[in-house]
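[1] Would you be able to build a 3D model of this:
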Amino acid sequence: MDRGLTKIDNLGRIALPPEICCKLSWCEEDELNIDVVFNSIVLTRAIPSCVFCNTAMDLARIGSYYVCESCRIRLSKAKSGDCLY
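    Numbers count the residues shown, from 1 in each chain. From the prediction side, this is the model:
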């Protein structure tokens, strides 16, 4: 198990040691999920998913949202007043 020593700053932030980020292939601006499990904090890379159906395949980013190919097709064929979901 890799361990790094870091301190919490006055704003409650921590800095991850670069060697740990490198081993995990984490880069600046990556989004992370933060969970508390018992007495530990667990960080995992966020996996983008479709804002409509939650799938994680064939995604395109629209602003800060992801939309899968299937939903993009449904949206492109939609007419005013349609209820897609």
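[2] Output the below-cut-off pLDDT ranges for the protein.
    Applying pLDDT under 70 to the chain flags the ranges 1-4, 85.
[3] Show me the longest helix that occurs in it.
    Identified as the longest helix of the chain according to DSSP state H is helix 69-77.
[4] Tell me which residues are up against it.
    Applying C-beta atoms under 8 Å, 6 or more residues apart in numbering, the contact partners of helix 69-77 are 50, 52-53, 55, 57-58, 60, 67, 84. C-beta here means a position set from N, CA and C on the backbone, and glycine is covered the same way.
[5] mind running it again at 6 Å?
    50, 52-53, 58, 84 (C-beta atoms under 6 Å, 6 or more residues apart in numbering).
[6] quick one: which of those residues is most hemmed in?
    residue 50 (20 neighbours; other C-beta atoms under 10 Å).
[7] Quickly check the contacts of helix 69-77 for the two that are furthest apart.
    58 and 84 (17.4 Å; C-beta to C-beta).
[8] From residue 8, how far off is the most centrally placed residue in the chain?
    Nearest to the geometric centre of the chain sits residue 46, at 2.7 Å (C-alpha atoms, centre = their mean). Per C-beta to C-beta, to the nearest Å, residue 46 is found 22 Å from residue 8.
[9] again with residue 25
    25 Å.
[10] I figured residue 48 was touching residue 66, is that so?
    Yes - if you go by C-beta atoms under 6 Å, residue 48 and residue 66 touch, sitting 4.6 Å apart.
[11] which neighbours do these two share?
    Joint contacts of residue 48 and residue 66 (C-beta under 6 Å, 6+ apart) are residue 59.
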